[in-house]
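1. coords please:
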Amino acid sequence: MLMRTDPFREMDRLVQSGTSGTWSKPSVMPMDAYREGEEYVIAFDVPGVSPEAIDIDVERNMLKVKAERRPTDRPEGVQMDLSERPLGVFSRQVMLADTLDTERIQADYDAGVLTLRIPIAERAKPRKISIGSADGRKQISG
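-> Numbering: from 1, shown residues only. Model (predicted):
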């Protein structure tokens with residue numbers, strides 16, 4: 001139902017494995033994608049991001065998700081000894097199949113997980129073809 005369009009993922013992995021120490025920039029926004037009944041579900045991990053800092057766009061069949069994790073307010077004079085939680089803008093692009101109805105995408109955000117539910121398009125659902133016998137022509141019923 002979808003195609004991966006992240007050509008830099010392998011390059012990021014190589015850079016990460018070739019550097020010493022910790023690497024604070026995540027390569028992608030982790031996701032799961034699966035079909036559940038008459039819907040296709042995509043779940044993105046975006047912990048620590050407020051719903052107002054998430055943008056979801058669809059243009060043709062390209063789904064774009066962008067989330068920004070902003071720094072938390074710290075009391076003045078605090079000296080950070082360790083900061084491993086990445087901040088900044090994270091994004092992911094997913095090419096959706098033509099069989100999905102991108103006009104009716106629903107988005108929910110709970111416990112750091114953004115879940116998109118995309119209905120399967122009517123034209124992609126199985127149809128029964130009936131055969132007429134009066135004049136030998138086949139009729140399609142929807």
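2. where does Arg74 land in three-state SS?
-> Three-state call for Arg74 (DSSP: H, G, I helix; E, B strand; the rest coil): coil.
3. Identify the residue nearest it in space, chain neighbours excluded?
-> Met80 (7.9 Å; C-beta to C-beta, 6 or more residues apart in numbering). Bear in mind the C-beta positions are built from the backbone N, C-alpha and C, glycine included.
4. neighbours around Glu36, how many?
-> Using other C-beta atoms under 10 Å, Glu36 has 8 other residues around it.
5. Repeat that for Val65.
-> When counting by other C-beta under 10 Å, one arrives at 22 neighbours for Val65.
6. who touches it in this structure?
-> Counting by C-beta atoms under 8 Å, 6 or more residues apart in numbering, Val65 makes contact with 29, 44, 54-56, 91-94, 114.
7. got it, and Tyr34?
-> Counting by C-beta under 8 Å, 6+ apart, Tyr34 has contacts 40-41.
8. part of a strand, is it?
-> Yes: with three-state DSSP as the criterion, Tyr34 is located in a strand.
9. Dig out what it forms beta bridges with.
-> In this entry, Tyr34 is beta-bridged to Val41, by DSSP bridges.
10. Before we move on, what's the pLDDT of it?
-> If you check Tyr34, the pLDDT there is 96.
11. Look up how far Pro71 lies from it.
-> Tyr34 sits 34 Å away from Pro71, going by C-beta to C-beta, to the nearest Å.
12. same check, this time on Leu116
-> Taking C-beta to C-beta, one finds Leu116 at 27 Å from Pro71.
13. What ranges does this structure have for its strands?
-> For the chain, the strands defined by DSSP state E cover 2-4, 31-36, 39-45, 54-59, 62-69, 88-96, 106-110, 113-119, 129-131, 138-140.
14. Next, format those strands as TSV and append distance to Pro75.
-> Listed next are those as TSV, based on distance: least, C-beta to C-beta, whole Å:
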stretch	distance to Pro75
strand 2-4	43
strand 31-36	35
strand 39-45	29
strand 54-59	28
strand 62-69	20
strand 88-96	22
strand 106-110	28
strand 113-119	30
strand 129-131	70
strand 138-140	70
